[in-house]
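Novice: sequence? don't have it. structure:
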């Protein structure tokens, strides 16, 4: 059940499209950063499952920069839309679709007009390293992961499917349900290779940016 949509967007392009799912992201700053990143990398539809505390109403008074409420007993209503994201929604280049539950979101993502497979980002056993070139086939909708962990390209004659990127929670990562949705939608779980010992994991927005940039490269025919 769609709670509401803000913004309008067509789906006439036949090339694979990058979508973003925001679910179980706790920090407001990270949600805002993910929205900015989505805009920067050409995402046209952002799905938000749950997360009722975040306000994406374009008719609110503007982005809350951390100030207090209004005066005279009338607090200003604020939203969680960075300025450029607010403008993109208003001019029709970005859309946010909200759902109460992740299950409802996934049901919408896999059906027309989106027809997407879900790619999760997680350091997990069996995840695919982002530096594997054959991963481009999954990202570009031209293959699926087989039982041996490789990539089958038996779908190469079918219309390409879109990709819905789903980062995990800042502390706990992807839930078991989220990882199962990656599998059931013929997607994958990817991990970002690291070449030093500075950190166990990257910030959720940083990780999402790395993966989105890789998708854009592959979609442009670079490095596939």
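Specialist: Cool, got the structure. Small disclaimer: the values here were computed from a predicted structure and weren't measured.
Novice: other SSEs contacting the lengthiest helix in the chain?
Specialist: Counting by DSSP state H, the longest helix found in the chain is helix 204-219. With contacts defined as 3 or more CB pairs under 8 Å, 6 or more residues apart in numbering; DSSP states H and E, helix 204-219 has these neighbours: strand 18-23, helix 28-40, strand 116-121, helix 135-139, strand 162-167. Every residue, glycine included, has its C-beta placed from N, CA and C.
Novice: now with 7 Å?
Specialist: helix 28-40, strand 116-121, helix 135-139, strand 162-167 (3 or more CB pairs under 7 Å, 6 or more residues apart in numbering; DSSP states H and E).
Novice: what's downstream of the first one, the next helix or strand?
Specialist: Helices and strands here follow DSSP states H and E; after helix 28-40, the next one along the chain is strand 45-49.
Novice: what's in contact with that following strand?
Specialist: 9, 19-23, 35, 38, 95-99, 101-102, 105, 109 (CB atoms under 7 Å, 6 or more residues apart in numbering).
Novice: got any ranges where the chain has weak pLDDT?
Specialist: Scanning the chain for pLDDT under 70 picks out 1-4, 6-14, 60-77, 133, 141-160, 198-199, 222-224.
Novice: would you agree residue 22 is in contact with residue 31?
Specialist: Yes: here residue 22 reaches residue 31: they are 6.3 Å apart, a contact under CB atoms under 7 Å.
Novice: neighbour-wise, which of those two wins?
Specialist: Comparing residue 22 with residue 31 by other CB atoms under 10 Å, the one with more neighbours is residue 22, at 26 against 23.
Novice: for residue 56, see how far away the nearest residue to the more buried one once chain neighbours are set aside is.
Specialist: With sequence-adjacent residues excluded and distances taken as CB to CB, 6 or more residues apart in numbering, residue 22 is closest to residue 48, at 4.8 Å. Counting by CB to CB, to the nearest Å, the gap from residue 48 to residue 56 is 7 Å.
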